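Participant: I'd like to go over a predicted model; first the sequence, then the structure.
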Amino acid sequence: MTARQRGATLTVGLILLALVTLLGLAGASAAHVERLLAQDQAFRENAANAASAGIEMAIRAIVNSSDPAAVATRLAARMPGSADAYQVTVRFAGYEESLPQAPGSHLAGAHFDIVSTGTGARHAIDRQRSDVMWVVDSGDATPGDCAPVVARRCHVQGELERISWQRITAE
C-alpha cells in the first residue's frame, strides 16, 4: 500500500468517525428532549390529579355541611407527600324545588358550581369545573310526582348527583 492510499484511508476513517460521533450526539440530544417532554407530561398529570382531588374535597365539604348556604366557598391544600396543590372555589347556585320524590317528602336539590385549579411542578396548571346537586330536606317544597315510570327515579335525601364535569382550557 502506498503512502497516498494510507492517507486516503485515514481521511475516510476520520470522516466516518466524525459522522458516527454526530449521529451519537444527535441521538443523545433527542433522548434528552424526550425525557424533558415526558417529565412535563407527568407534571401536567400531577396538576390534573390535584384539580380532581380539589373537586372531591369540595364535594366532601358539601355533604358534610348541615346547610347548603354554609358550605365554605374556598378550599386550598397541598397533596400529601408532594408540592402539588389545589385551590377550589365553591358557589352555591340555588335550589331546584321540583324533584321527583316519594309522596310526603319535602326535598330540594341544592346546586353547586365547583372550580378547582391544580398546580404541579414547573408551573403545570390544570383547571376543572364540576356541577353537582345535593338532595336536602327543604321543609316546604311541594313534592314532585314520583310515579313508577321507567324514565324517572325518586330522589332521596342526602344523595349527591354529579351533573357535569369539564376541563377548563387556559385563556
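Facilitator: In hand now; what should we look at?
Participant: ok, residue 131 - contacts?
Facilitator: 93, 111-114, 162-165 (Cβ atoms under 8 Å, 6 or more residues apart in numbering). Every C-beta, even on glycine, is put in place using the N, C-alpha and C of the backbone.
Participant: by contact count, what packs against the helix or strand where residue 109 lies?
Facilitator: Residue 109 is part of strand 107-119 when elements are defined by DSSP states H and E. Secondary-structure packing of strand 107-119 (3 or more Cβ pairs under 8 Å, 6 or more residues apart in numbering; DSSP states H and E): helix 3-63, strand 85-96, strand 125-137, strand 160-168.
Participant: change it to 6 Å
Facilitator: Judged by 3 or more Cβ pairs under 6 Å, 6 or more residues apart in numbering; DSSP states H and E, the packing partners of strand 107-119 are helix 3-63, strand 85-96, strand 125-137.
Participant: Pull out the buried residues from the helix or strand just after the longest one.
Facilitator: In other words, helix 3-63. Next in sequence after helix 3-63, counting helices and strands by DSSP H and E, comes strand 74-78. Residues of strand 74-78 classed as buried under the neighbour-count rule (16 or more other Cβ atoms under 10 Å) are residue 75.
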